[in-house]
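Asks: Here you go, sequence then predicted model.
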Amino acid sequence: MLKTSFFRALLIPTAILALTACGGEDDSEPAASESNSPSAASSSAPAAAAAKSDEEVCEAVAANLKSVQENMMQAFTPADGQTDEALTEALTEVFSELATGMTEIAATGSADSEVTVAVQALSAEAEKMVADPNLIEGADNPAYESAAEAVTEACQKVGVEIE
């Protein structure tokens, strides 16, 4: 029963990963922000001034979810004498990786972007699951599922199709 609930908790990110690879074209405009801000060119940290496009953020989300999915599958690989506690610990590490990755990805996007806001919300929900393993063990986590769906929808709006 515990393995089933863990699987359900990670089903949406897995679906996002699997389906993100199917869609989206890279039609982003190159470095348009440099000409809009003359002070950005003279800044000592010009790389921090340019935010990634929503498409790039979605692609980074997909890459992160692929890594998370691989680690999740390793956690579900049966081991002799694996206890529920060991499985919970492994999945806590997976959600920690997810939270860290989503936080880093969100930091590269535009602060007012719907995609970035959705990725930040998913990161926050993953962090809550890391902080409270009972959320991982629960059959459903509607807040996490809603945050994952918001990321899916936001990426679809910018042309990264998730079917």
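Replies: Yep, it's here. Quick caveat, the model's predicted, so the values are computed rather than measured.
Asks: tell me which residues in stretch 107-121 are buried?
Replies: Within stretch 107-121, the residues that count as buried by 16 or more other C-beta atoms under 10 Å are 108-110, 113-121. In this view, the C-beta of every residue, glycine as well, is placed from N, C-alpha and C.
Asks: same check, this time on stretch 125-134
Replies: For stretch 125-134, by 16+ other C-beta under 10 Å, it's 125-130.
Asks: what's the answer for stretch 143-162, then?
Replies: Residues of stretch 143-162 classed as buried: 144, 147-152, 154-156, 158, 160, 162 (neighbour count, 16+ other C-beta under 10 Å).
Asks: Could you provide these in JSON lines, with additional columns for pLDDT?
Replies: Output for these, formatted as JSON lines (pLDDT from 0 to 100):
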{"residue": "144", "pLDDT": "89"}
{"residue": "147", "pLDDT": "93"}
{"residue": "148", "pLDDT": "90"}
{"residue": "149", "pLDDT": "93"}
{"residue": "150", "pLDDT": "94"}
{"residue": "151", "pLDDT": "92"}
{"residue": "152", "pLDDT": "91"}
{"residue": "154", "pLDDT": "94"}
{"residue": "155", "pLDDT": "91"}
{"residue": "156", "pLDDT": "89"}
{"residue": "158", "pLDDT": "89"}
{"residue": "160", "pLDDT": "75"}
{"residue": "162", "pLDDT": "56"}
